[in-house]
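Chemist: just to be clear, the model below is a prediction. Sequence and coordinates:
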Amino acid sequence: MNKIPFFNLSEQTNAIRDEVDRAISGVIDNTAFVLGSGLEEFEETFAAFCGAKYCAGTSSGTSALHSALIAFGVGDGDEVVTVANTFIATVEAIAMTGARPVVMDVLENTGLIDPSKLDDVITGNTKVIIPVHLFGQCCDMDPINEIAAHHGIKVLEDACQAHGSRYKGRRAGSLGDAAAFSFYPSKNLGAFGEGGAVTTSDEKVVATIKGLRHHGQIIKNEHSVLGYNYRLHSMQAAVLGVKLNHLDDWNEKRRELAARYQANLEGSGFWMAAMHPDCEPVYHLFPIGRIDKEAVGKALSEAGIGWGQHYPIPVHLQPAFSYLGYSEGDFPVAEKLMRTSLTLPMFPELKLEQVDEVCEVLKSIPFT
Ligand SMILES: *Cc1c(COP(=O)(O)O)cnc(C)c1O
């Protein structure tokens with residue numbers, strides 16, 4: 001066990017134990033384990049939190065992305081654009097529809113989608129753009145929405161790392177035509193298991209997703225389209241409802257920790273994601289880059305400090321996506337960032353003194 005873990009859920013879980021126990025007991029009492037009033041209640045609360053009109057709970061972030069793409073009519077022969085440095089699930093969801101994932105590079109300072117490169121990749125077959133709010137910072141959505149509108153393309157936010165994050169005062173989940181969230185336990189808002197959601201203000205999109213997640217059934221016993229079993233369990237919705245009340249406080253703690261990292265490492269030569277002045281990030285992760293990853297990882301491990309990699313291999317160089325025909329060097333900014341970065345401990349219960357300790361170790365490593 002590391003002296004300073006990369007991530008740890010036990011303190012947070014213990015702190016809300018009584019509230020969560022009561023919420024879970026409520027689900028056990030009414031036995032509506034799937035698609036009950038508890039789920040609807042969470043969906044309404046989460047939509048309102050995001051500033052969207054509607055929400056559909058799903059079984060994971062991946063199924064949220066997949067069902068949202070289908071709701072936008074994406075299928076065989078279509079193209080969907082996203083970035084090279086995302087988690088593999090973004091690209092899996094595109095491929096699962098039969099569409100072709102089209103990958104693009106990112107901005108060096110933020111690690112987020114570079115809107116000025118969109119026109120290079122959009123073709124007559126492009127149906128959707130998926131900007132990924134990576135590390136918890138929203139993408140620069142105004143130019144993305146503008147370009148999408150100009151081409152008649154939908155925008156699906158991958159908000160799986162950005163619960164509560166703001167762009168120009170508005171939350172992730174209300175910044176495109178729809179947004180996909182993951183409630184994987186380690187996300188800023190995490191279930192006690194798997195979970196996800198789509199938020200949107202488009203009534204038709206939410207209705208389609210609610211059908212798709214329930215075997216394509218909109219009217220009882222009538223399966224109008226090929227569907228899936230993509231429902232969010234009521235027990236998970238109950239847990240998420242409790243945790244949502246704490247999310248803004250937890251995100252504020254993450255911002256304090258990030259500010260401490262930034263103050264400590266300022267001028268040290270490490271790459272840190274620049275924050276756009278229009279954004280209020282939620283620091284799902286805290287990556288540092290432009291480092292000799294092996295040397296830094298070794299020094300951290302020897303000091304008993306946990307660390308992660310998000311993500312060492314870009315999606316276009318993953319064996320599963322070799323059929324797309326990309327090669328090394330196609331997206332140099334993303335590739336370099338991914339090759340030379342690792343992620344530092346970041347979770348709301350981490351202490352400022354622990355951040356100082358991590359930074360002392362980092363500053364003691366001869367910089368290469
Ligand atoms: C976690 C994550 C997903 C997938 O969510 P799951 O709930 O694990 O299916 C998709 N995209 C990004 C950027 C993620 O971080």
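Modeler: Yes, it's here. Numbers count the residues shown, from 1 in each chain.

Chemist: how near is residue 51 to residue 200?
Modeler: Residue 51 sits at a distance of 11 Å from residue 200 (criterion: Cβ to Cβ, to the nearest Å). C-beta here means a position set from N, CA and C on the backbone, and glycine is covered the same way.

Chemist: who has more neighbours out of the two?
Modeler: residue 200 (28 against 16; other Cβ atoms under 10 Å).

Chemist: was I right to think the more buried one contacts residue 180?
Modeler: No: using Cβ atoms under 8 Å as the test, residue 200 is too far from residue 180 to be in contact (9.9 Å).

Chemist: overlap in contacts, the two.
Modeler: Here residue 200 and residue 180 have residue 68 as joint contacts, going by Cβ atoms under 8 Å, 6 or more residues apart in numbering.

Chemist: just checking, what packs against the helix or strand bottoming out on mean pLDDT in the chain?
Modeler: Lowest mean confidence among the helices and strands of the chain (mean pLDDT, DSSP states H and E): strand 217-219, at a mean of 85. In terms of contacts (3 or more Cβ pairs under 8 Å, 6 or more residues apart in numbering; DSSP states H and E), strand 217-219 is packed against helix 203-212.

Chemist: next, the buried residues of the helix it packs on.
Modeler: 205-206, 208-212 (16 or more other Cβ atoms under 10 Å).

Chemist: and residue 94, how many neighbours?
Modeler: Other residues within reach of residue 94, judged by other Cβ under 10 Å, total 28.

Chemist: check the one 4 residues further on too.
Modeler: Counted with other Cβ under 10 Å, residues neighbouring residue 98 total 13.

Chemist: just residue 322 next, same as before
Modeler: Neighbour count of residue 322, defined by other Cβ under 10 Å: 11.

Chemist: state the distance from it to the ligand.
Modeler: Going from residue 322 to the ligand by Cβ to the nearest ligand atom, to the nearest Å gives 21 Å.

Chemist: do the same with residue 93
Modeler: Counting by Cβ to the nearest ligand atom, the gap from residue 93 to the ligand is 8 Å.

Chemist: check residue 301 too.
Modeler: Taken as Cβ to the nearest ligand atom, the span from residue 301 to the ligand is 24 Å.

Chemist: any idea how far that residue is from residue 285?
Modeler: Taken as Cβ to Cβ, the span from residue 301 to residue 285 is 18 Å.

Chemist: between those two, which one's more packed in?
Modeler: Taking neighbours as other Cβ under 10 Å, residue 301 and residue 285 compare with residue 285 leading, 19 against 12.

Chemist: need the next SSE after the least confident helix or strand of the chain, C-terminal direction.
Modeler: Sequence order places strand 222-223 as the next helix or strand after strand 217-219, per DSSP states H and E.

Chemist: and that next one, average pLDDT?
Modeler: Taken as a whole, strand 222-223 has a mean pLDDT of 88.

Chemist: okay, now the sheet partners of it, with direction.
Modeler: Strand 222-223 has its sheet partners listed here by DSSP bridges as strand 217-219 (antiparallel).

Chemist: tell me which parts of the protein are close to the ligand?
Modeler: 60-62, 86-87, 89-90, 132, 158, 160-161, 182, 184, 196 (Cβ under 6 Å from any ligand atom).

Chemist: ok, and the closest non-adjacent residue to residue 262?
Modeler: residue 272 (6.2 Å; Cβ to Cβ, 6 or more residues apart in numbering).
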